[in-house]
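> Build me a model from this:
(chains A and B, ligands or ions: 2)
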2 protein chains.
Amino acid sequence: ATRDWPVPPPLVACAILSVGAALAVNAMIPRVSATFIQCRLMGADLAKRNKPVLPESMGLVCGLVYLLTLVLLLPVVFMTWSTHSGSMTMHKFATFLSALLSIQSMLFLGFADDVLNIRWRHKIFLPALAALPMLLVYGIESGVTYVVVPLPLRAYLGRIVDLGLLYYLYMALVAIFCTNSINILAGINGVEAGQSLVLAVSLVINSTAILASSANPETREIHAQSLYLLLPFIGVTAALLKWNWCPARAFVGDTYTYFAGMVFAVCGILGHYSKTLLLFFAPQIVNFVLSVPQLFHVVPCPRHRLPTLHPSGTTLVYSRCRVPRAQLSCLGAFVLRVLAVCGLAKVETTNEWVTFSNLTLINAVLVVADQWFGRTSGLEEGTLAAIVLGIQVVGSLIAFVVRYALVHLFYP
Amino acid sequence: ATRDWPVPPPLVACAILSVGAALAVNAMIPRVSATFIQCRLMGADLAKRNKPVLPESMGLVCGLVYLLTLVLLLPVVFMTWSTHSGSMTMHKFATFLSALLSIQSMLFLGFADDVLNIRWRHKIFLPALAALPMLLVYGIESGVTYVVVPLPLRAYLGRIVDLGLLYYLYMALVAIFCTNSINILAGINGVEAGQSLVLAVSLVINSTAILASSANPETREIHAQSLYLLLPFIGVTAALLKWNWCPARAFVGDTYTYFAGMVFAVCGILGHYSKTLLLFFAPQIVNFVLSVPQLFHVVPCPRHRLPTLHPSGTTLVYSRCRVPRAQLSCLGAFVLRVLAVCGLAKVETTNEWVTFSNLTLINAVLVVADQWFGRTSGLEEGTLAAIVLGIQVVGSLIAFVVRYALVHLFYP
Ligand SMILES: [Mg+2]
Ligand SMILES: [Mg+2]
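Residues are numbered from 1 along each chain as shown, chains lettered A, B, ... in the order given. Ligands and ions are numbered 1, 2, ... in the order given. Purely as a prediction, here's the structure:
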């Protein structure tokens, strides 16, 4: 009766529940749309000719169905744990509950942000607040705060470094990064849910591979737990994407982007694979680095940076920002020159004005399409979203190579 | 080092944090009010002459500060548990986390209701959904589903009856009752937060008395846990009441009433004193029973049943509902006659119309004031709220007498 099953039994239950979650979200979104619009949870789709008003914050439906799915999974997960590992059961159980608490906190704060328009300088720290239950329980339960040092640094630091409290700061920063980086790679239909779907599928492949190859019960357990968190997420996200893909009939809202980022952060932190996680976030990192000059006001930042509609009304072109030449700092001018040389931004300078494409990954794609492939009238929104998701897929493939082929250069 | 302290150390930390929570809520409410109104979380105070617009859903501030307080308390609570009771620690810890999950779920769903105006027939079941994490963990952890049978029934049922799944249904109903019954004893400034404050203080007195008198470590632990949940609640509620007392500068919203009801339900369920809890809810039960004819449409129910402003503009009088005499069912006419005889409703019958005071505890107070004390021009809102809270206090005193003096008639 205690034979070790190759597939943990809760995974089967989890897969079934995830399909149910997808069907539920798919059925609910059209049913609640009118209510959302009535209650002013709505926004105009600026990338369409007629600027239709769509319900906003559909991540609320996803998140609530997701949490209900995981709560229903609790008894199944617990029963397997108590058969397999005895005294460790409650430790894992408390950790799992704290993960749900953190995910729910983030979903809640994301929704509060959609309703109350919390200021940027406040909301950037909300993920750390939401991660608090998980971090505290992590400290109480395992308290592992050491990291294995990469080979090139071992001569200086030794094989293992205990980061102590810094490790908690690191985990809080992972939560802040995951949530906000998904939130800023946004602005066209399908891109928030799409990138999250690619990320989740990549992490599922990673955990499944480890589950299939590792004999260490602790490692297996940790990655099974990641799958419990990720499969229902894939379910609700796939259903959301169906309604959010171009032409969108619903927007995801910060509710969704914050929720999605927190699911990933929780998986990476509790699964002890936060470095691997960040490898998969390469496109988000690129988008963030590209955005830094505007986010930190080295060059001016308009309120909206999403692509604009081409006069033809069927394609999107990169949006631009104009600044009086005299007001551009030396550093700003230098940054723009570097990005222009790399082909990631289009910069035009007259005697009085400097005009540059807004510094985001999505605009960079349009700049490249314009400069290298002669798509001067831009790209259709669906094509553009597909390219961004393609970049995410390529990023994941590179991440797998780095993680499993090149890792030996850094870790024995 | 393992000497049993008369006062559990986390209680000291909890008391300090609760004061901090009260100060935080008190400082935050005026600061967020403008934002809430901007984002259309607002309502008109109909019981004032100029019907001022006030920010709604201030329970959101209370609830978030409350949850943060309890999360910060987690490490302290855990450390005491692990010193005192070893293997039981994680069981209790998981239960405590599931309680936080349920309270947060209810707060979240209450806020979603304030934003989205969920229909009555749906929202009445939301508390059962929010209680799910706690009930599942309860089942996994202790799974105690038997009840001790009162003396008069033992001849038929035996000393103990195992209710099995019915016990979970009972707990879900406790959650539904606690939340909805507070939500419908509402409508004038200060009454939602006020009744919750009286209830919380009553439960704190109850648990403190048991903590001071019991030597059973399990009983002590269970009531200490109630205090951890109730003291921060008293803190945030006191601060809210300051801003919600007549003349109110903020409304509490369903966010608050649902949150408050769930805190009580969680305390009663995890503390195994749900019957005692329901004793303290006597005024809510009276209000619910009074409301049943209107809630179930035995007699007509208008959209608002709160008292109305007297033409003088300074006092409130009971609101009334008028129905064509021919449309009133026999049962409806009978119910109204009984209530009129009891002095709890004012009923006036002409040849064509029947006019009756709306069937709520608050209107009943105004009817009694009018009929017995000649207050024909009603009562000031603050006086009325104070009388309702007075009823709650008297109810608590009677509950204490029943629980500790008369209990021996039912249990040995
Ligand atoms: Mg956003
Ligand atoms: Mg209400």
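> what's the nearest residue to A:Met134 if we skip its chain neighbours?
Distance criterion Cβ to Cβ, 6 or more residues apart in numbering or on different chains; nearest residue to A:Met134, sequence neighbours excluded, is A:Ser102 at 4.0 Å. C-beta: built from backbone N, CA, C; applies to glycine.
> would you say the one you found is within a helix?
Yes. According to DSSP: H, G, I helix; E, B strand; the rest coil, A:Ser102 belongs to a helix.
> so who does it touch?
By Cβ atoms under 8 Å, 6 or more residues apart in numbering or on different chains, the contact list for A:Ser102 reads A:Ala130, A:Ala131, A:Leu132, A:Pro133, A:Met134, A:Ala175, A:Met262, A:Val266.
> tell me how far the helix or strand that A:Val263 is a member of is from the chain's mean position?
Using DSSP states H and E, A:Val263 sits within helix A:253-270. In terms of Cα atoms, centre = their mean, to the nearest Å, the centre of helix A:253-270 is set 6 Å apart from its chain centre.
> Quick one: mean pLDDT over it.
Throughout helix A:253-270, pLDDT has a mean value of 96.
> quick check, that helix touching chain B?
No. Interface with chain B: helix A:253-270 contributes nothing (Cβ under 8 Å from any Cβ of the partner chain), its closest point being 10.5 Å away.
> and that helix, is it in reach of ligand 1?
Yes. Using Cβ under 5 Å from the ion, helix A:253-270 comes into contact with ligand 1 via A:Asp254.
> and after that helix, which helix or strand comes next?
The helix or strand immediately downstream of helix A:253-270 is helix A:274-280, counting by DSSP H and E.
> What would that following helix look like as CSV? C-alpha coordinates only.
Written as CSV, here are the backbone C-alpha positions of helix A:274-280 (Å, rounded to 0.1, in the frame of the first residue of the first chain):
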residue,chain,number,x,y,z
SER,A,274,14.1,30.8,-7.8
LYS,A,275,17.3,31.1,-10.0
THR,A,276,15.8,28.7,-12.6
LEU,A,277,12.6,30.7,-12.4
LEU,A,278,14.4,34.0,-13.2
LEU,A,279,16.0,32.3,-16.2
PHE,A,280,12.5,31.7,-17.6
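> Can you tell me which helices and strands the helix or strand just after that helix packs against?
Note on helix A:274-280: by DSSP H and E, the next helix or strand toward the C-terminus is helix A:282-295. On a contact count with 3 or more Cβ pairs under 8 Å, 6 or more residues apart in numbering or on different chains; DSSP states H and E, helix A:282-295 meets helix A:165-184, helix A:330-341, helix A:361-373, helix A:381-401.
> Let's see if you can find the most crowded of the contacts of A:Ser102.
Highest neighbour count within those: A:Ala131, with 31 neighbours (other Cβ atoms under 10 Å in any protein chain shown).
> Please name the residues that touch that one.
A:Ser102, A:Met106, A:Met171, A:Ala172, A:Ala175, A:Met262, A:Ala265, A:Ile269.
> To which secondary structure element type does the second one belong?
Assigned with three-state DSSP, A:Met106 falls in the helix class.
> Which part of the stretch 51-200 of chain A gets nearest to ligand 1, residue-wise?
A:Asn183 (4.6 Å; Cβ to the ion).
> And for the residue in the stretch 301-412 of chain A that chain B sits nearest to, the neighbour number?
Taking Cβ to the nearest Cβ, chain B has its nearest neighbour within the stretch 301-412 of chain A at A:Arg303, 17.2 Å off. Neighbourhood size, A:Arg303 [other Cβ under 10 Å]: 4.
> One more: A:Val401?
A:Val401 - counted by other Cβ under 10 Å - has 12 other residues nearby.
> how much space is there between the closest residue to A:Leu229 other than its chain neighbours and A:Leu135?
Of all residues not flanking A:Leu229 in the chain, A:Cys267 sits nearest, at 5.5 Å (Cβ to Cβ, 6+ apart). A:Cys267 is 15 Å from A:Leu135, where distance means Cβ to Cβ, to the nearest Å.
> For the two, indicate the residue with more neighbours.
A:Cys267 (29 against 20).
> about what we covered before: which one of the contacts of A:Ser102 is nearest B:Gly253?
Distance to B:Gly253 across those (Cβ to Cβ) is lowest for A:Ala130, with 21.7 Å.
> Was I right to think that closest one contacts A:Met262?
Yes. Contact criterion Cβ atoms under 8 Å: A:Ala130 and A:Met262 qualify, at 6.2 Å.
> which residues do these two both contact?
Common contact partners of A:Ala130 and A:Met262 (Cβ under 8 Å, 6+ apart): A:Ser102, A:Ile103, A:Met106, A:Ala175.
> May I ask which two of these are separated the most?
So, the shared contacts of A:Ala130 and A:Met262 by Cβ to Cβ: farthest apart are A:Ile103 and A:Ala175, at 10.6 Å.
> picking that back up, go through the helices and strands packed on helix A:282-295 and name the closest to ligand 2.
Smallest distance to ligand 2 across the helices and strands packed on helix A:282-295 (Cβ to the ion): 31.8 Å, for helix A:165-184.
> For A:Tyr170, the count of nearby residues, please.
With other Cβ under 10 Å as criterion, A:Tyr170 counts 14.
> low-scoring stretches of the stretch 51-200 of chain A, by residue?
Where the stretch 51-200 of chain A drops to pLDDT under 70, the residues are A:81-90.
> in it, which spans are strands?
Secondary structure of the stretch 51-200 of chain A (DSSP state E, counting those that start in this stretch): strands at A:53-55, A:146-148, A:160-162.
> Note down every partner strand of the last one and its orientation.
Just to be clear, that refers to strand A:160-162. Each strand paired with strand A:160-162, and its direction, by DSSP bridges: strand A:146-148 (antiparallel).
> so who does whichever residue of the stretch 51-200 of chain A sits closest to ligand 2 touch?
At 17.5 Å from ligand 2, A:Val115 is the closest residue in the stretch 51-200 of chain A, using Cβ to the ion. A:Val115 makes contacts with A:Leu41, A:Ser57, B:Cys39, B:Leu41, B:Val115, as judged by Cβ under 8 Å, 6+ apart.
> swap in A:Pro8?
A:Thr80, A:Leu211, A:Arg220, A:Ala224.
> Tell me the pLDDT of it.
The model's pLDDT for A:Pro8 equals 73.
> Kindly provide the distance from it to B:Pro133.
Separation of A:Pro8 from B:Pro133 (Cβ to Cβ): 22 Å.
> just A:Phe36 next, same as before
The gap separating A:Phe36 from B:Pro133 is 26 Å, by Cβ to Cβ.
> just A:Val174 next, same as before
Computed as Cβ to Cβ, the A:Val174 to B:Pro133 distance reads 25 Å.
> who touches both of A:Ile103 and A:Ala175?
Each of A:Ala130, A:Met262 lies in contact with both A:Ile103 and A:Ala175 under the rule Cβ under 8 Å, 6+ apart.
> count of neighbours near the closest residue to ligand 2 within the stretch 1-150 of chain A?
Proximity of the stretch 1-150 of chain A to ligand 2 (Cβ to the ion) peaks at A:Cys39, 16.0 Å away. When counting by other Cβ under 10 Å, one arrives at 19 neighbours for A:Cys39.
> Give the closest residue to it in space, chain neighbours not counted.
Counting by Cβ to Cβ, 6+ apart, B:Leu116 is the residue found nearest to A:Cys39 once chain neighbours are left out, at 5.0 Å.
> How about A:Val148?
In space, and not counting its chain neighbours, A:Val148 is closest to A:Ile160: 6.0 Å by Cβ to Cβ, 6+ apart.
> which residues touch the one you found?
Going by Cβ under 8 Å, 6+ apart, A:Ile160 touches A:Tyr146, A:Val147, A:Val148, A:Val149.
> I'd guessed the third one sits against A:Val407; true?
Pointing back at A:Val148 there. No. Counting by Cβ under 8 Å, A:Val407 is not a contact partner of A:Val148; they are 11.4 Å apart.
> circling back to that earlier point, okay, now the residue nearest to A:Cys39: neighbour count?
Neighbour count for B:Leu116, taken as other Cβ under 10 Å: 18.
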